[in-house]
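Student: Sequence plus predicted model, see below.
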Amino acid sequence: SVGLHAVSRAGNVFGKTVMVTGCGPIGVMCVLAARRAGAAKVIAVDISDFTLEFAKRAGADIVINSLTQPEAFEVLRSGKGQVDALIECSGSEAALTNAITCMRPRGAIVQLGLGGPMSLPMMAITAKELELRGSFRFHQEFHKAVEFMAAGLIDVKPILTHTYGLDAFRDAFEVAVDRKVAMKVQVAFDQ
């Protein structure tokens with residue numbers, strides 16, 4: 001539901017190019033939601049190849065490790081920019097600033113990640129007439145998310161890395177905090 005809400009905040013993404021920065025569980029859910037909303041191209045950006053692999057499985061057309069592939073952004077910056085909508089999930093000022101350089105004029109920036117205070121490149125935001133939108137609540141999309149999963153319209157299985165029975169919930173939480181081995185950990189009550 002968080003991903004569906006973020007994509008709805010971006011406006012109509014059908015046939016457009018969407019960039020998602022920060023590919024933890026929420027970012028990957030945004031990739032799934034953008035794909036479901038009809039985005040023509042989804043670009044996933046992170047500093048971890050582990051999380052980028054999940055974004056790829058979720059339907060990202062292009063995955064970019066911003067630490068090891070900085071040159072990959074050059075083509076996205078060409079012209080006046082190639083990205084119509086940005087969904088920023090990392091909370092990183094560097095990720096946001098870099099992504100803004102790839103945006104087309106009058107694009108939408110949806111800020112989801114909360115990493116603390118940030119300085120924004122106001123000259124670029126103003127010159128490109130970009131719209132900055134926050135995304136925090138998701139109540140309206142919760143029911144829709146459940147419907148999509150039940151109908152097989154959004155498959156969250158690609159991000160599920162571990163399943164534990166209720167008796168092993170402590171182990172589940174220990175694994176869940178290690179972002180080098182876990183994307184999303186599930187505690188199953190029927191095991």
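Tutor: Now that the structure is in, tell me what you want to look at.
Student: make it CA atoms for all contacts and neighbour counts henceforth
Tutor: Fine.
Student: Now residue 169. Nearest residue, chain neighbours left out?
Tutor: The spatial neighbour of residue 169 that comes closest, neighbours along the chain excluded (CA to CA, 6 or more residues apart in numbering), is residue 187 at 6.5 Å.
Student: The residue nearest in space to the middle of the chain sits in which helix or strand?
Tutor: Nearest to the mean C-alpha position of the chain, by CA atoms, centre = their mean, lies residue 27 at 2.6 Å. Per DSSP states H and E, residue 27 falls inside helix 25-36.
Student: For that helix, what is the distance to the chain centroid?
Tutor: 5 Å (CA atoms, centre = their mean, to the nearest Å).
Student: Counting by contacts, list what the helix or strand bottoming out on mean pLDDT in the chain packs against.
Tutor: None of the helices or strands of the chain scores lower by mean pLDDT, DSSP states H and E than helix 139-150, at a mean of 83. Secondary-structure packing of helix 139-150 (3 or more CA pairs under 8 Å, 6 or more residues apart in numbering; DSSP states H and E): helix 2-10.
Student: Tell me which other helices or strands the helix it packs on touches.
Tutor: helix 25-36, strand 83-88, strand 103-111, strand 131-134, helix 139-150.
Student: As a markdown table, the ones you listed with distance to residue 172 would be great.
Tutor: A markdown table is the format used below for those (distance: least, CA to CA, whole Å):
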| stretch | distance to residue 172 |
| --- | --- |
| helix 25-36 | 16 |
| strand 83-88 | 28 |
| strand 103-111 | 29 |
| strand 131-134 | 31 |
| helix 139-150 | 23 |
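Student: Select, out of these, the one closest to residue 176.
Tutor: helix 25-36 (11.0 Å; CA to CA).
Student: quick one on the thing from earlier: burial count for the residue nearest to residue 169?
Tutor: Around residue 187 there are 18 other residues, counting by other CA atoms under 10 Å.
Student: Can you give the strand pairings for the helix or strand it falls within, parallel or anti for each?
Tutor: Per DSSP H and E: residue 187 is located in strand 184-188. Strand pairing for strand 184-188, determined by DSSP bridges: strand 160-165 (parallel).
Student: which regions of the chain sit below the pLDDT cut-off?
Tutor: When residues are selected by pLDDT under 70, those of the chain lie in 191.
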